[in-house]
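A.B. asks: A structural model of the following input is requested.
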Amino acid sequence: MSKKDLIDAVAKECELTKEKAGSVVDAVLAHIRNTMKEGHEVRIPDFGTFKVAKRKAREGRNPATGETIKIAAAVVPKFTPAKGLKEALN
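C.D. replies: Residues are numbered from 1 along each chain as shown. The predicted structure follows:
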């Protein structure tokens with residue numbers, strides 16, 4: 001599903017124009033993004049949790065040359081599905 005498909009589905013389900021549904025989807029995504037930027041997690045019941053994880057610096061290898069390289073520490077997003085979502089898929 002693309003973002004456009006999501007907007008179309010929200011517009012149909014909530015009886016909104018596509019422009020208003022697009023604003024709603026953008027607002028939700030922006031809120032999730034901004035909350036995660038602050039280092040907080042976002043929990044959506046029966047869907048899942050968006051978390052921020054810190055990845056330590058480590059060594060890796062260049063697959064083309066086999067040379068050892070340093071990979072910098074990073075902050076990465078993680079998603080953990082809720083039990084309700086897992087059950088809905090099985």
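A.B. asks: switch to C-alpha atoms for all contacts and neighbour counts from now on
C.D. replies: OK.
A.B. asks: the closest residue to residue 41 other than its chain neighbours pairs with what?
C.D. replies: What sits nearest to residue 41 in space, not counting adjacent residues and going by CA to CA, 6 or more residues apart in numbering, is residue 51, at 4.6 Å. Note on residue 51: beta-bridge partners by DSSP bridges are residue 78.
A.B. asks: what segments of the chain are strands?
C.D. replies: 42-44, 48-55, 58-61, 68-71, 74-81 (DSSP state E).
A.B. asks: turn the ones you listed into CSV, including mean pLDDT.
C.D. replies: As requested, those are arranged in CSV below (pLDDT from 0 to 100):
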stretch, mean pLDDT
strand 42-44, 96
strand 48-55, 95
strand 58-61, 94
strand 68-71, 94
strand 74-81, 96
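A.B. asks: make a markdown table from these and add distance to residue 21 to it.
C.D. replies: Shown next, in a markdown table, are those (distance: least, CA to CA, whole Å):
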| stretch | distance to residue 21 |
| --- | --- |
| strand 42-44 | 19 |
| strand 48-55 | 22 |
| strand 58-61 | 42 |
| strand 68-71 | 40 |
| strand 74-81 | 24 |
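A.B. asks: can you list those strands in TSV and add distance to residue 4 and mean neighbour count?
C.D. replies: Rendered in TSV, the data for those read as follows (distance: least, CA to CA, whole Å; neighbours: other CA atoms under 10 Å):
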stretch	distance to residue 4	mean neighbour count
strand 42-44	22	15
strand 48-55	22	16
strand 58-61	37	11
strand 68-71	35	12
strand 74-81	22	13
